[in-house]
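Enquirer: Okay, here's the prediction I keep looking at, along with the sequence it came from:
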Amino acid sequence: MKDTGKADLRGKLESLAQDMGATYFGIADLAPARQSISEQGGEFLTQFPRAVSHGFVLADGTVNTLVHHKSIAALSNYWYYVYQIVNPRIDSISLTLAQSLGEAGFQAFVVPSSQTVDKTKLTGVFSHKLAAHLAGLGWIGKSALLITPKYGPRVRWATVLTDAPLETGTPMDEMCRDCDACVKACPAHAFTGQAFDKPRSRSEIFAAEACDGYLSKRETLRRACGMCVYICPFGRNK
Ligand code: SF4
Ligand code: SF4
């Protein structure tokens with residue numbers, strides 16, 4: 001039997017996520033993005049009207065080493081930290097949330113923290129950044145990353161899609177304004193400088209193939225860069 005206590009279920013999910021280390025938690029109404037969700041991952045995803053978004057804040061001491069973008073030691077350490085240490089943790093949070101939604105009688109679809117389905121666009125089945133934005137946790141910056149007011153892009157996001165009728169957040173306005181630090185810092189010139197202040201496709205602000213081409217030349221550096229994460233004043237200057 002379904003648990004109809006929306007506030008109770010939302011509070012339970014938030015507590016579970018926070019107890020496991022999430023700093024950010026929110027619920028997104030996916031209705032406004034139905035078409036782009038279908039185009040990216042498939043029509044089957046539109047059966048889920050809500051997304052549970054959670055974010056884990058990265059350690060400054062590790063992110064700040066990205067400024068040493070020619071150091072194999074710095075980039076390897078960053079790669080292991082993000083993909084081998086943080087990602088399993090946030091996937092584990094998603095699994096726990098999905099289990100709780102299931103126990104309450106709802107469907108849950110876990111979106112893996114890091115997964116590439118389209119190798120040209122460098123996209124997964126569903127955009128974690130879209131869910132976090134619609135949940136009211138930040139805005140999509142000129143770097144095409146999710147920017148939070150306090151930690152900037154220094155957050156790893158994960159998502160659980162669900163049919164639970166949870167109360168949703170309000171999307172945050174774009175706050176990049178005159179800043180273009182990421183546009184100037186990107187060694188691949190992958191950003192057009194367009195703000196995401198009105199509905200735009202990702203390709204209008206970010207040339208994924210330029211980033212991928214640059215990273216391909218850095219096999220010995222773990223295909224890592226991350227200057228767009230390091231340079232953003234939101235998070236770096238807190
Ligand atoms: S990872 Fe590096 S090359 Fe790719 S978009 Fe960010 S700054 Fe540009
Ligand atoms: S570096 Fe500046 S322009 Fe780029 S995402 Fe951050 S605030 Fe926006």
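Expert: Here it is on my side, so go on. Numbering: from 1, shown residues only. Ligands and ions are numbered 1, 2, ... in the order given.
Enquirer: From now on I want contacts and neighbour counts done on CA atoms only, so please keep to that.
Expert: Will do.
Enquirer: all strands in this protein, in order from the N-terminus.
Expert: For the chain, applying DSSP state E gives strands covering 24-29, 50-57, 108-111, 139-140, 146-147, 155-162.
Enquirer: Minimum distance to ligand 2: which of the ones you listed has it?
Expert: Closest approach to ligand 2 among those (Cα to the nearest ligand atom): strand 146-147, 6.4 Å.
Enquirer: name the helices or strands packed onto the closest one?
Expert: Where contact means 3 or more Cα pairs under 8 Å, 6 or more residues apart in numbering; DSSP states H and E, strand 146-147 is packed against helix 128-134, strand 139-140.
Enquirer: Apply 10 Å and report the result again.
Expert: Packing partners of strand 146-147 (3 or more Cα pairs under 10 Å, 6 or more residues apart in numbering; DSSP states H and E): helix 128-134, strand 139-140, strand 155-162.
Enquirer: ok, and what's touching that strand?
Expert: Contacts of strand 146-147 with the rest of the structure, by Cα atoms under 10 Å, 6 or more residues apart in numbering, involve 128-133, 137-141, 152-157, 174-176, 229, 232, 234-235.
Enquirer: Show me how far that strand is from its chain's centre.
Expert: Averaged C-alpha coordinates place strand 146-147 at 8 Å from its chain's average position (Cα atoms, centre = their mean, to the nearest Å).
Enquirer: still on that earlier bit, now narrow the contacts of strand 146-147 to whatever sits close to ligand 2.
Expert: Checked against ligand 2 using Cα under 6 Å from any ligand atom, those give the following subset in range: Gly141, Cys176, Cys232.
Enquirer: quick one: which of those residues has the most company?
Expert: Using other Cα atoms under 10 Å as the neighbour definition, these reach their maximum at Gly141, which records 26 neighbours.
Enquirer: could the strands of the chain go into CSV alongside mean pLDDT?
Expert: Below are those laid out as CSV (pLDDT from 0 to 100):
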stretch, mean pLDDT
strand 24-29, 98
strand 50-57, 98
strand 108-111, 97
strand 139-140, 94
strand 146-147, 97
strand 155-162, 98
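Enquirer: Please produce a markdown table containing those strands, extended by distance to ligand 1.
Expert: Putting the strands of the chain into a markdown table (distance: least, Cα to the nearest ligand atom, whole Å) gives the following:
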| stretch | distance to ligand 1 |
| --- | --- |
| strand 24-29 | 23 |
| strand 50-57 | 18 |
| strand 108-111 | 22 |
| strand 139-140 | 14 |
| strand 146-147 | 13 |
| strand 155-162 | 14 |
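Enquirer: okay, the ones you listed in a markdown table with mean neighbour count next?
Expert: Formatted as a markdown table, the entries for the strands of the chain read as follows, by neighbours: other Cα atoms under 10 Å:
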| stretch | mean neighbour count |
| --- | --- |
| strand 24-29 | 24 |
| strand 50-57 | 26 |
| strand 108-111 | 19 |
| strand 139-140 | 26 |
| strand 146-147 | 26 |
| strand 155-162 | 26 |
